[in-house]
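J.: Have a look; sequence and predicted model below, questions after that.
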Amino acid sequence: VPGATVWFSAGKHVPEERVHQSFHVEEYTTDQQGQWRSSMAPREMNSASFKVDHPDYARITSNFGIDQQIDELKAQTHTWTLKKGFAIRGAVTGPDGAPVEGAHLALGTLNSCSDEGPFAVTDADGRYEFSRVGSSVQEDDSQRPYQMSVTVLQKDLAPQLAIVPGTGDVELEPSTWNERTMDFHLDEGQPLTVRVTDSEDKPVEHARIFPSEWRDRTNGLTVLRKHGIPDYTNKDGIWRWEHAPMGEEIMYDILARGYMDVRNKPLIG
């Protein structure tokens, strides 16, 4: 595959030494033979990672550690196979059944959503699209597909989350391998009010509160929160989300400068 972009990092890391010989995310492009070459790697490198992208293949959003293939890298025999991706398309509607414009959606794998996306935004007809979605497979005997999920958040409406058809335990049909259909209906939700105080019962202003895990333990709400979830408590130590999912437990992190963190606090709207 010519014209693929490769971001490569490598180094020699010795625990007892403070100085590491390394470089981070150098960019290369494959030639007509699909090959790329770096002349910067330390001779005694013992760690490496890279990410590959090409517009005709599935988008890869994370770096892959290849420490176990160091000998192949040194021998210049290491290979990487790009995979064909699929599309996820659908529509988002509101409580009245009308299309929701400007809703933001995040795609996550297992329990992770990247701050760098991929993201999608609904148009005037409430429609959205994810393209070049990767079909990652766990490295085990079952070859069970990873569970992917899509989280959608719109200001003044409660968020929604669903598992991508054909991943996890969700059947593929009536979607196809190349075209996955996911429609979302958003409700108004329920208010959630939190009061944060210190050990003397005084309000803590500017404490940061944000959801960390929801349903399938993805952090999709965390990366989308700026599109409809408040960030900080007010001068009275009050944080209020007007449109939390009704009756659903979500894990929250509560942080404030000068105080110990409260992590994974279950709260219900």
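T.: Cool, got the structure. Numbering: from 1, shown residues only.
J.: what's the pLDDT at the residue lying closest to residue 147 once chain neighbours are set aside?
T.: For residue 147, ignoring the flanking residues on the chain, the nearest one in space by C-beta to C-beta, 6 or more residues apart in numbering is residue 168 at 3.3 Å. Every residue, glycine included, has its C-beta placed from N, CA and C. Residue 168 is assigned 89 on the pLDDT scale.
J.: wait, doesn't residue 168 sit right on residue 148?
T.: Yes - using C-beta atoms under 8 Å, residue 168 makes contact with residue 148 at a distance of 7.4 Å.
J.: Same drill for these two, tell me which one is more crowded.
T.: Remark: of residue 168 and residue 148, residue 148 carries more neighbours, 25 against 15, as counted by other C-beta atoms under 10 Å.
J.: ok, now which ones touch that one?
T.: 107-109, 133, 163-164, 167-168 (C-beta atoms under 8 Å, 6 or more residues apart in numbering).
J.: hmm, try it at 7 Å
T.: For residue 148, the contact set (C-beta atoms under 7 Å, 6 or more residues apart in numbering) comprises 107-109, 164, 167.
J.: which stretches of the stretch 51-200 of the chain form strands?
T.: Along the stretch 51-200 of the chain, the stretches classed as strands by DSSP state E, counting those that start in this stretch are 64-65, 86-93, 104-109, 119-121, 127-133, 148-153, 160-163, 179-181, 184-185, 190-195.
J.: Which one of these lies nearest to residue 221?
T.: Checking those against residue 221 by C-beta to C-beta gives strand 148-153 as the closest, at 6.2 Å.
J.: The closest one - which strands sit beside it in the sheet, and in what orientation?
T.: strand 104-109 (antiparallel), strand 160-163 (antiparallel) (DSSP bridges).
J.: What helices and strands are in contact with the helix or strand bottoming out on mean pLDDT in the chain?
T.: Using mean pLDDT, DSSP states H and E, strand 64-65 stands out as the lowest-scoring helix or strand of the chain, at a mean of 84. Packing partners of strand 64-65 (3 or more C-beta pairs under 7 Å, 6 or more residues apart in numbering; DSSP states H and E): strand 47-53.
J.: Report the separation between residue 63 and residue 127.
T.: 32 Å (C-beta to C-beta, to the nearest Å).
J.: If you could redo that for residue 59, that was the one I meant.
T.: Counting by C-beta to C-beta - residue 59 and residue 127 are separated by 20 Å.
J.: One more: residue 21?
T.: From residue 21 to residue 127 the distance is 50 Å (C-beta to C-beta).
J.: so where's the protein uncertain?
T.: For the chain, the stretches with pLDDT under 70 are 19, 135-145.
J.: Spatially central, which residue of it would that be?
T.: Centroid check for the chain by C-alpha atoms, centre = their mean gives residue 113 as the closest residue, at 1.2 Å.
J.: There's contact between that one and residue 221 in this structure, I believe.
T.: No - with contact defined as C-beta atoms under 7 Å, residue 113 does not count as touching residue 221 (8.7 Å).
J.: Identify the contacts common to these two.
T.: residue 151.
J.: dump the residue contacts of residue 96.
T.: Contacts of residue 96 (C-beta under 7 Å, 6+ apart): none.
J.: next one: the one 3 residues further on
T.: Taking C-beta under 7 Å, 6+ apart as the criterion, residue 99 is in contact with 91, 93, 125-126.
J.: same question, residue 111
T.: 217-219.
J.: Looking at the residues you listed, which is nearest residue 251?
T.: Closest to residue 251, out of all of the contacts of residue 111 and judged by C-beta to C-beta, is residue 217, at 8.4 Å.
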